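*Asks:* quick one, fold the following:
(chains A and B)
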Amino acid sequence: MIPIFFGTGDYQLFGVYHQPKINAPKSHSIIICSPIAHEYLRAYRILRKLAEQLANSGNHVFRFDWYGHGDSKGSFNECRLSIWIQNLISAIDELTEYSGHNSVSVVGLRFGAALCLLASENINKIDHVVLWDPLFEGTKWIEDLTNLHSASSYLKFNTENSNYIERIGFPYSIDLINEIKNIDIFDFDAKCESINIFSKNSTCSNRHVSSAHNQASFSLSDTHIFWNDPKSFDRIIMFSHVIKSISDIFKE
Amino acid sequence: MKERVVTFGNQSRLTGIITFAHTLFNPSRFSVLFLNPGLLHRVGFNRFNTDLARTIQSKGISSLRFDMLGIGDSASYNSSLPYDSQAIFDIDCAIDYLLNTTSTDSCVLVGLCSGADYSHHIAVNDNRNRISGAVLLDGFAYHTLGFYLHDYFPGILNPFKILRFLFKNIILKKFSSVQQSASILQPENTYTRTFPPKKTVINEMQTIINKGIRLLYIYSGGIPLYYNYENQFKEMFKSVDFKNRVTFRYFKEANHTYTSITQRDHLMQIIETWLVSLFKEH
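*Replies:* Numbers count the residues shown, from 1 in each chain, chains lettered A, B, ... in the order given. So this is what the prediction gives:
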């Protein structure tokens, strides 16, 4: 495991490269895209476990902190979708330098999943996308976030000002909120060869599979992670059986 | 902003980020070590550690935020030592690494919850004068008479709470084997903790103060099973001679992890001011 800073200047990011632990007949280069804001904190541990499991099967794996998150530069209220897409491009460059591969697979959790699909519209180096509990529609995601925020007796709406809206301790700029509201992953025209989706949201998945992405394979799977439970919005996620399912995809 | 990813300790199994003080300023003789809040990785609750590290950097203070074994990006915990002993060992190692790398004489420990407990332990047992201060967030707490009054009194005045209390503790208990809490107030995100005997902590706190170590105790409203009013700290530790080296604050409106931006900004301001005043003393 090699922790590094990569990227340049004001867009320096923190990332971790996991070397393959065995010589697999077919090794993949896999980027892990974490969720954003409070979900990033909750998922850090489980995504490290996923990275280790994928590396144990002989894959090159890279995970990183988005701009405005963790140890990367920037503040959350400066974040925009275009910056995060650029971050993903930098991460792909970093990983392909380590692995020597020309293309990568991306695994995205929650908001990270939407960013993976969004990026795969324009980045031809992405050949395979795995979406785990993805954000399907931005408006619904914002609605859930607002409900979660209002459910906590410790959190109020009185810090809202003209520049940002506070949700679960993170300042979302109005611009970012508007960008998120426009996200509908059914509208994306992903250029990748295949998509795997792990979600318990069967309604969205049916619409998804039957629409633009005929390359998608959907696994209806209760991931047992309660993202919108007010009692656990700051609890670390310790385990998910989806890790094994995702690892199995890259063994095939 | 000058930051460096570092790995250190036995077989470089610990990972962290050093934030170096701006060289334009006369750098502080002490540095700051951020400890993991529970299982959360080194960036802290809502990225508090990263933000505070970058704020105090501009005041001339260097810092290290790192992960103990089994957390964040450090190696897995597979030690023969019990977890707490291993954590203390890791922190000890991080202190030496921080002081050597930043050329500082001593450090201030910043810890929430279990991080506060470890800070207390290290401050008591360090015999190399490496600790100049500690910021303990939601550290040890003990019930006082005032605690019980604040816990039960609002309920006694509120007939709805009395009815709910009776329903939960008498009617439900009669028909259910589920153990109900004795408290009238049932907060969200309740954290359960185990503390050492109060007498031990009082003696140890006096030892720390006698060493000249400065202490900043901050309690949140997120641990109402243990701490629930402003002056509880004074009453818990009334037999300790603070010698003007102890400061305490209570953030009644904050939850345990300071999720609210307003509360977190306020917390940061309090800690930053306290650190800068310590800097001036040194």
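*Asks:* what does the one residue sitting closest to the centre of chain A show for phi and psi?
*Replies:* With distances taken as Cα atoms, centre = their mean, the residue of chain A nearest its centroid is A:Gly112 (1.8 Å). Main-chain torsions, A:Gly112, degrees, to the nearest 10: phi -60, psi -30.
*Asks:* ok, now which ones touch it?
*Replies:* A:32-36 (Cβ atoms under 8 Å, 6 or more residues apart in numbering or on different chains). (Each C-beta comes from the backbone N, C-alpha and C, glycine too.)
*Asks:* how about the CA coordinates for stretch A:98-113, as CSV?
*Replies:* This file holds the C-alpha atoms of stretch A:98-113, laid out as CSV (Å, rounded to 0.1, in the frame of the first residue of the first chain):
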residue,chain,number,x,y,z
TYR,A,98,1.7,2.4,-11.8
SER,A,99,0.1,-0.5,-13.7
GLY,A,100,1.1,0.1,-17.2
HIS,A,101,-2.4,-0.7,-18.4
ASN,A,102,-4.2,1.5,-21.0
SER,A,103,-7.7,1.2,-19.6
VAL,A,104,-9.3,1.0,-16.2
SER,A,105,-12.4,-0.1,-14.4
VAL,A,106,-14.1,2.2,-11.9
VAL,A,107,-16.0,1.2,-8.8
GLY,A,108,-18.2,4.0,-7.4
LEU,A,109,-20.2,4.1,-4.2
ARG,A,110,-23.2,6.4,-3.8
PHE,A,111,-22.3,9.8,-5.3
GLY,A,112,-19.0,8.3,-6.4
ALA,A,113,-21.0,6.0,-8.6
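*Asks:* before we move on, the earlier item: the contacts of A:Gly112 in strands, which ones?
*Replies:* A:32-33 (DSSP state E).
*Asks:* once you drop chain neighbours, what's closest to A:Leu50?
*Replies:* A:Ile243 (4.9 Å; Cβ to Cβ, 6 or more residues apart in numbering or on different chains).
*Asks:* got a pLDDT number for that neighbour?
*Replies:* pLDDT for A:Ile243: 91.
*Asks:* helix/strand/coil for B:Asp84?
*Replies:* helix (DSSP: H, G, I helix; E, B strand; the rest coil).
*Asks:* how about stretch B:252-259: buried residues?
*Replies:* Using 16 or more other Cβ atoms under 10 Å in any protein chain shown as the test for burial, stretch B:252-259 gives B:254-259.
*Asks:* and residue 48, how many residues sit next to it?
*Replies:* All of this is about chain A. 20 (other Cβ atoms under 10 Å in any protein chain shown).
*Asks:* oops, wrong one, chain B.
*Replies:* 24.
*Asks:* what about B:Phe248, which helix or strand?
*Replies:* Per DSSP states H and E, B:Phe248 falls inside strand B:246-251.
*Asks:* does chain A sit close to that strand?
*Replies:* No. Strand B:246-251 lies out of reach of chain A by Cβ under 8 Å from any Cβ of the partner chain, never closer than 10.3 Å.
*Asks:* partners of that strand in the sheet?
*Replies:* strand B:214-220 (parallel) (DSSP bridges).
*Asks:* could you export the strand it pairs with as CSV, CA atoms only?
*Replies:* Output in CSV follows, covering the C-alpha atoms of strand B:214-220 (Å, rounded to 0.1, in the frame of the first residue of the first chain):
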residue,chain,number,x,y,z
ARG,B,214,-2.0,22.7,30.1
LEU,B,215,-5.4,21.1,29.7
LEU,B,216,-8.4,22.2,27.6
TYR,B,217,-11.5,20.1,28.4
ILE,B,218,-14.5,20.5,26.1
TYR,B,219,-17.8,18.6,26.5
SER,B,220,-20.6,18.4,23.9
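*Asks:* I'm done for today, thanks for sticking with me.
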